[in-house]
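A.B. asks: pasting the sequence and the predicted coordinates here, then a few questions.
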There are 2 protein chains.
Amino acid sequence: MKSLEERILKDGVIINNDILKVDSFLNHQIDVALARNLAKEITETFKGYGVNKILTIETSGIAFAYAVAQEMGDLPLVFAKKSKSATVGNDVYTSQVKSFTRNLVSQITVSNKYMKPSDTVLIVDDFLAEGNAAFGLLDICRQAGAKVVGVAVAIEKGFQGGRNRLEAEGLKVYSGANVKEFKDNKPVF
Amino acid sequence: MKSLEERILKDGVIINNDILKVDSFLNHQIDVALARNLAKEITETFKGYGVNKILTIETSGIAFAYAVAQEMGDLPLVFAKKSKSATVGNDVYTSQVKSFTRNLVSQITVSNKYMKPSDTVLIVDDFLAEGNAAFGLLDICRQAGAKVVGVAVAIEKGFQGGRNRLEAEGLKVYSGANVKEFKDNKPVF
């Protein structure tokens, strides 16, 4: 989406030629209108796929995933939790996710009440890099017997291989902006 | 809001006569339409207060706060982070918040880029119990010189004193449902 690419060029900050910081509109402060416009494109992209549930992972994917869930017709939105909470029971599916930006492995959980064999799932997140978060969520859906049709993210870092890994699993991948490389400390789309 | 009270009675689970678990529609799986209906009431409640920014705290407040930010006219939504991330710089306001359900103290941070003296803030969260999260967010706004007009939550546990503490600070408090007590393992509104 052109407006997202322009926004990244205007407000994105590149750290260590590696991490793209978009705190001002996606990760810490959220531009609601931008998220909704992306959600409209995602809704168009996955029309006819029979999606009945949106799955994301805390924290920074939640606001964007909410926009998608609403735009696709007020679908239920489930977010995987990163640690066992006092208010989550033991009847959960779990998987492991390595965070690219934080360089640590988290356990993620989804209650077995909210993921079922009858579910057709679209995985939504803010970023796609190596695809680790998406694979963790895919693992949980498969444990539950749910079908996953695709992965939709705001920003893809195309040089980190996540898309290829996901497409090899038969998933359709959407990104609002695909950063092919960082050159002279600028993203190239 | 009547529909929220009914939903709590139908799907809420009380743990240890203390914690109200609403994982099925607010905290783990989110009912988008319900969040939007609450957001409409909040927009009505704070009409004329000049709110130009929504502030919440990760994790479970984010989806609900997104609904409010959108309903109030696509306001910027900022969520306080619970730990220092590799992608948050050092120029942050910080405060401490004790979680009632998890019984631990977290450091929360907001970048000084996203909270300014020109901001008129509505604090939004999923729950109000003792008011600790709201006070942490209020503290951060005051450090930034921003004005806070009120606190809006989906569910209040009225017997835990948060509302009184916040009203004593001159804030207007909205809750979609106010649980006055738990009786025979049922919430009473």
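C.D. replies: Cool, got the structure.
A.B. asks: any idea which helix or strand comes after the one helix or strand residue A:136 maps to?
C.D. replies: Using DSSP states H and E, residue A:136 maps to helix A:132-144. Following helix A:132-144 in sequence order, the next helix or strand is strand A:147-157 (DSSP H and E).
A.B. asks: quick revisit: can you give me the buried ones in the helix holding residue A:136?
C.D. replies: Neighbour counts over helix A:132-144 (16 or more other CB atoms under 10 Å in any protein chain shown) mark A:132-141, A:144 as buried. C-beta: built from backbone N, CA, C; applies to glycine.
A.B. asks: stretch A:108-118 now?
C.D. replies: Result for stretch A:108-118 [16+ other CB under 10 Å]: buried residues A:108-111, A:114-115.
A.B. asks: ok, residues contacting it?
C.D. replies: Residues outside stretch A:108-118 that contact it (CB atoms under 8 Å, 6 or more residues apart in numbering or on different chains): A:52-53, A:55, A:57, A:76, A:78, A:80-82, A:84, A:88-89, A:91-97, A:121, A:136-137, A:140-141, A:144-146, B:23-24, B:28-29.
A.B. asks: what subset of those is buried?
C.D. replies: Applying 16+ other CB under 10 Å to these, the neighbour count classes A:52-53, A:55, A:57, A:76, A:78, A:80-82, A:88, A:92-93, A:95, A:97, A:121, A:136-137, A:140-141, A:144, A:146, B:23-24, B:28-29 as buried.
A.B. asks: out of the residues you listed, which are inside strands?
C.D. replies: A:53, A:55, A:57, A:78, A:80, A:92-93, A:95, A:97, A:121, B:29 (DSSP state E).
A.B. asks: can you tell me which of those residues is closest to residue B:179?
C.D. replies: residue B:29 (20.2 Å; CB to CB).
A.B. asks: that closest one against residue A:78, yeah?
C.D. replies: Yes: using CB atoms under 8 Å, residue B:29 is in contact with residue A:78, at 4.8 Å.
A.B. asks: got the CA coordinates for stretch A:173-189 in CSV?
C.D. replies: Presented in CSV, the C-alpha positions along stretch A:173-189 are these (Å, rounded to 0.1, in the frame of the first residue of the first chain):
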residue,chain,number,x,y,z
VAL,A,173,0.8,-14.1,2.4
TYR,A,174,-0.2,-10.5,2.3
SER,A,175,2.0,-7.5,3.4
GLY,A,176,1.1,-3.9,3.3
ALA,A,177,4.7,-3.0,2.5
ASN,A,178,7.6,-5.3,1.6
VAL,A,179,11.0,-4.0,2.6
LYS,A,180,13.4,-5.7,0.1
GLU,A,181,16.5,-4.2,1.8
PHE,A,182,18.0,-1.4,3.8
LYS,A,183,20.2,0.8,1.7
ASP,A,184,22.1,3.9,3.0
ASN,A,185,19.9,3.5,6.1
LYS,A,186,16.7,3.8,4.1
PRO,A,187,14.2,1.0,3.4
VAL,A,188,13.9,0.0,-0.3
PHE,A,189,10.5,-1.5,-1.4
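A.B. asks: identify the residues contacting it?
C.D. replies: A:1, A:4-5, A:8-9, A:12, A:14, A:17-18, A:20, A:38, A:41-42, A:45-46, A:128, A:150-159, A:163, A:166-167.
A.B. asks: and these, which are buried?
C.D. replies: By 16+ other CB under 10 Å, the contacts of stretch A:173-189 give A:4-5, A:8, A:12, A:14, A:20, A:38, A:41-42, A:46, A:128, A:150-158, A:163, A:166 as buried.
A.B. asks: stretch A:176-189: how far from the chain's middle?
C.D. replies: Remark: stretch A:176-189 is offset 19 Å from the chain centroid, using CA atoms, centre = their mean, to the nearest Å.
A.B. asks: buried ones in it, by neighbour count?
C.D. replies: Neighbour-count burial for stretch A:176-189 [16+ other CB under 10 Å]: A:176-179, A:182, A:187.
A.B. asks: need those in TSV with secondary structure and pLDDT, can you?
C.D. replies: What follows is these, written out as TSV (DSSP: H, G, I helix; E, B strand; the rest coil; pLDDT from 0 to 100):
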residue	secondary structure	pLDDT
A:176	strand	98
A:177	strand	98
A:178	strand	98
A:179	strand	97
A:182	strand	93
A:187	strand	95
